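K.L.:
Just to be clear, the model below is a prediction. Sequence and coordinates:
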Amino acid sequence: MIRLLSRSKRRRAGAVLAGLVLCSAVAVRLAAQQQPVSTQFQESTSVSIVRVDVTVRDSKGMVVRGLQAKDFTILEDGKPQKIANFEFQDIDATAATAPSDAQVTLLDGLEDKLRADVKRAASAVTPTDNEAIERALAEAKALANRRMWVLLFDVSSMQPEDVQRAVESGMSWVDEEMTNADMVSVVTIGNRLNVLTDFSPVREDVTAALQTLAYSDGTDVNLAAVTTAATDEAANSAAETDPSAGVDAFEEFNNDVRLRALKTLCNTLRGVQQRKAVLYFSAGMTRNGDDNQIELRSATDACNRGNVLIYPVDARGLQAVVAGGGASSRGQTGQGLFTGANATRGFSTLNRSQETLTTLAADTGGRAFTDSNDFGKAFDKVQDDLAAYYLIGYTSTNTAVDGKYRKIQVRLSKEYSNLRVDARDGYYANRSFQNTKKSDREAQLQDQLAASVSSTDVPMVVGTGWFRRSADSYFVPIAMVMPGSSVPVATGAKTVSIDIRAQVRDEQGRTIAQPKATLEIPSDGQETLAGKQVLYQTGVLLPPGRFSVKVVARENTGGAVGSFEAPINIPQMNNNTEMKVSSVVLSTQVQKAPEGKSDNPLVRDGVQLVPNLTRAVARNQNMYFYYEVYDPALTEQAPHVRTSMAFYRGKVKVFETPMVERTMIDEPSRKAVVFQFEVPANSFKPGMYECQINVIDTVGQHVQFPRLNFIVQ
């Protein structure tokens, strides 16, 4: 059943808020108790010995051997540091004599570590963590002079033939090129993070792990974004009939969790001193407005601190862009075949899918391999880069626990000034929250807002959108949601305090708005807010243009900080030849609106739509779609706008709503025709879906086809 909601229905829908706790602009939703979170293996970021791996090459790119500690100078923030440890790792020289029976369990329970990283509560390192670190350090002795690889297959992004092509290249390398010095692990990212084999120098172990990957492992669940100019807003709100539905949405797979998987993997390997490499087979990672831009920088920083180099390989190989657009393209016009628009769009899509891969490679010291069917070059490059390098350790003279970035520079003495030095750029120091004065805590939040790589210890999602108020003014709703399981409660505390700071900046980096709030949330006597979600909502007025919003949230029990950055793109609506459609809102809950006048168009007739930020929907929920059409063409002073929604699973249309017509202006002051639909989620089987919204102005003869993705649980 699909319904276009009337005003009376919207008033009655507002009654569902009876169980919602409102706190300023915050809603904390009670939900079913979650299972206990698995303990995460993490090394303390408090640094006593800073380790830097250094590769020195001559003008021909060959590794230079035989240098001594006296030939190096280490600078931290421009200040010389005393070298405490110095070692040269010569992998190739020991390959023939290295024993081939060493077994380690560094990646044991990696999936549980990832899930804990996604929704963990901030706490000190537990005894279990310390035991894991001690075990990893003990096993590091068995890894001396070993070349450590992770063959990481992102089967969630690859088609079956991509998986098979990557697996065959891996098996060929194992048979022909793998040496006794190579310690190889095989890991897959799909519906879960799966370790097929831990680090092993035994060819049979690696081959057996690769053979478990079959054609059926390619799932092709690439998350596309809405193709309108604005980012799709979101914030998770589960219905009263299934209030826990949105809590697990933070575990659903998207680009943020992909990057968290890399981050967890790198953090797990930090206890091993040697340089490590991840050969990352993927079919691209398109970053959209729904993704946290900070996660990419955070994953990069974790790789750098763990001495892990990322070597992405585009498993799609050499690709051709079809001038007329692919046969499966939806919502394209025939003119693109003749104007070149479809070809341009194809190249742009391809480049976006490879941009994140190349960024990961460049920022971690690796190299990306794209547009090539020869994957063997990637294996050769990793073997060469890990063949020989210097391990240098020093004790930092800066003992401040301030969480700031420390820049590292490695220099050679003048006699070797013609040589090239490759080393990581720096690291972030730890920050002690309990020892921070209240007067300094606001400065901490401002530092996080200003930092290029902010903390992501608390998982959170931020969504935005835009709705026109006048020709040069748009209302931009901003929503933030975090899982309550990430918010610990002090012993005996009746409430939990959360500080939220945000900044909206323009293209030049100038601050336009700075929303902020401090939330006091009842603890209900629990150790964490597990089973709840914290929702913060605000809004700003902006002109057309490109902006960004960054939100930083800190729970004030342990001081853990989360951050999220997203773009805000508001189009110029002065072109009368195009249909003007707002961003599209997907909601799974309505609530009673706050009293007083509101600029928020999601508030109508005393009822407010709460955007679903994670886009995870339970089958017993109803989905509410909201969007507006501006300045429709008129005939006899009336518009004639038609719309419908088509739902795709992969490339197959599985559901379509009837066409709905509107022949009146709903908001005369804004010249807006408003559409709000209700679609029951039980019309869909569990899985990933793409919704294409068809909007037709029959008078002006214009069309638009915005899209969004969601997952049915």
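P.N.:
Cool, got the structure. Given the structure is predicted, the values throughout are model-derived calculations rather than measurements. Numbers count the residues shown, from 1 in each chain.
K.L.:
use CA for all of it now, contacts and neighbours both
P.N.:
Will do.
K.L.:
CA atoms of the strand or helix carrying V278 as PDB?
P.N.:
V278 is part of strand 276-282 when elements are defined by DSSP states H and E. The C-alpha trace of strand 276-282 is given here as PDB (Å, rounded to 0.1, in the frame of the first residue of the first chain):
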ATOM      1  CA  LYS A 276      53.600  -4.200   6.500                       C
ATOM      2  CA  ALA A 277      51.700  -4.000   3.200                       C
ATOM      3  CA  VAL A 278      48.100  -4.400   2.300                       C
ATOM      4  CA  LEU A 279      47.400  -5.400  -1.300                       C
ATOM      5  CA  TYR A 280      43.800  -4.200  -1.500                       C
ATOM      6  CA  PHE A 281      41.800  -5.700  -4.400                       C
ATOM      7  CA  SER A 282      38.600  -3.600  -5.000                       C
END
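K.L.:
How far away from the center of its chain is it?
P.N.:
Once both centres are worked out by Cα atoms, centre = their mean, to the nearest Å, strand 276-282 turns out to sit 18 Å from its chain's centre.
K.L.:
Neighbouring strands - and their directions - for that strand?
P.N.:
strand 147-153 (parallel), strand 308-314 (parallel) (DSSP bridges).
K.L.:
Out of the ones you listed, which is the most enclosed?
P.N.:
With neighbours defined as mean count of other Cα atoms under 10 Å, these peak in mean count at strand 308-314, which reaches a mean of 28.
K.L.:
Averaged pLDDT, that strand. What do you get?
P.N.:
Rounded to a whole number, the mean pLDDT of strand 308-314 is 91.
K.L.:
And the contacts of it?
P.N.:
Contacting residues not belonging to strand 308-314 are listed as 266, 275-284, 303, 354, 357-358, 360-361, 364-371, 375, 378, 382 [Cα atoms under 8 Å, 6 or more residues apart in numbering].
K.L.:
Geometric centre of the protein: which residue is closest?
P.N.:
If you average the C-alpha coordinates of the chain and look for the closest C-alpha using Cα atoms, centre = their mean, you land on D256, 1.8 Å from that point.
K.L.:
That residue should be in a helix, yeah?
P.N.:
Yes: if the criterion is DSSP: H, G, I helix; E, B strand; the rest coil, then D256 is within a helix.
K.L.:
Do I have it right that it meets E295?
P.N.:
Yes: under the contact definition of Cα atoms under 8 Å, D256 touches E295, with a separation of 6.2 Å.
K.L.:
what ranges do the helices span in this structure?
P.N.:
With DSSP state H as the criterion, the chain has helices at 7-13, 91-94, 110-119, 127-140, 160-176, 203-211, 255-268, 293-305, 336-339, 341-364, 376-385, 438-450.
K.L.:
how much space between the residue located most distally from the centre of the chain and V703?
P.N.:
Going by Cα atoms, centre = their mean, the residue of the chain most distant from its centre is E636, 49.2 Å out. With the distance defined as Cα to Cα, to the nearest Å, E636 ends up 21 Å from V703.
K.L.:
likewise V590?
P.N.:
For V590, the distance to V703 - Cα to Cα - is 29 Å.
K.L.:
and these two? which has more neighbours close in?
P.N.:
V590 (25 against 20; other Cα atoms under 10 Å).
K.L.:
any idea of the pLDDT on that one?
P.N.:
V590 carries a pLDDT score of 87 in this model.
K.L.:
same question, K113
P.N.:
At K113, the predicted lDDT confidence score is 67.
K.L.:
Skipping adjacent residues, who's closest to L75 in space?
P.N.:
In space, not counting the residues next to it along the chain, L75 is nearest to Q409; the distance is 5.0 Å by Cα to Cα, 6 or more residues apart in numbering.
K.L.:
That should have said D53, apologies.
P.N.:
Counting by Cα to Cα, 6+ apart, L391 is the residue found nearest to D53 once chain neighbours are left out, at 4.6 Å.
K.L.:
ok, the one you found - how many residues close by?
P.N.:
18.
K.L.:
before we move on, back to that, please tabulate the strands paired with strand 276-282 in a markdown table, including the columns distance to N612.
P.N.:
Formatted as a markdown table, these follow (distance: least, Cα to Cα, whole Å):
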| stretch | distance to N612 |
| --- | --- |
| strand 147-153 | 30 |
| strand 308-314 | 32 |
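K.L.:
looking at those, which is closest to P160?
P.N.:
Each of the strands paired with strand 276-282 was scored for nearness to P160 using Cα to Cα, and the closest is strand 147-153 (11.8 Å).
K.L.:
ok now the closest one, how far from the chain's centre?
P.N.:
How far strand 147-153 lies from its chain's middle: 22 Å, per Cα atoms, centre = their mean.
K.L.:
swap in stretch 651-671?
P.N.:
Stretch 651-671 has its average C-alpha position 32 Å from the chain's average C-alpha position, going by Cα atoms, centre = their mean.
K.L.:
how far does it stretch from start to finish?
P.N.:
Looking at stretch 651-671, the gap from its leading to its trailing residue is 36 Å under the measure Cα to Cα.
K.L.:
which outside residues touch that stretch?
P.N.:
Counting by Cα under 8 Å, 6+ apart, residues outside stretch 651-671 touching it are 2, 328, 468-470, 630-632, 638-648, 672-674.
K.L.:
Could I get the buried residue list for it?
P.N.:
Buried positions in stretch 651-671, judged by neighbour count with 16 or more other Cα atoms under 10 Å: T657, E661, R662, M664, I665, R670, K671.
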